[in-house]
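> Structure for the following, please:
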Amino acid sequence: MIPRETNDRKSDRFGRTVGSKEQRKIRAGQKGTVGAWSAFGAMGAVGWLVALPVVLGSLLGVWLDNRWPGKVNWTMSMLGVGLAVGCLFAGIWMNREKNKIIKERDDWEQQDIKTKDAEDDHK
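Presented below is the predicted three-dimensional model:
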């Protein structure tokens, strides 16, 4: 049989959850919201991470077509390779940004736990 939590434990856990969420809101307000220019900058960075390899791949393909003409259309092949490389770079960049956000959130939660432990010790 699973022991049921008492009302005190439930209310204590609820209070901690609400307090933690409120702390995150306060920190987000102190840090500031992400503005439109910041969001455009991030989109621009991802766009360049994709566009640059596509353009460079296409230029390499044109050069290869002029150097070794044949059955293979190097321009289209290198365009596809450039697109794949650009998408890979964009994915890596986005994953790094996600990990930064997760690490920052975890650091905040650890600070919340330390603060709550210190408050509990004083009681």
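> so what's Leu52 up against?
For Leu52, the contact set (C-beta atoms under 8 Å, 6 or more residues apart in numbering) comprises Gly86. Placement of C-beta: from N, CA and C, glycine included.
> tell me which element it is part of?
Here Leu52, judged by DSSP states H and E, is contained in helix 36-67.
> What are the buried residues along that helix?
With burial defined by 16 or more other C-beta atoms under 10 Å, the residues of helix 36-67 counted as buried are Val46, Leu49, Val50, Pro53, Val54, Leu56, Gly57, Ser58, Leu60, Gly61, Leu64, Asp65.
> Same question for stretch 94-102.
By neighbour count with 16+ other C-beta under 10 Å, stretch 94-102 contains no buried residues.
> can you check stretch 109-116 too?
Along stretch 109-116, the positions that meet the burial threshold by neighbour count (16+ other C-beta under 10 Å) are Asp112.
> That one - what's its average pLDDT?
The predicted model gives stretch 109-116 an average pLDDT of 72.
> again, but for stretch 18-32
Mean pLDDT, computed over stretch 18-32, is 70.
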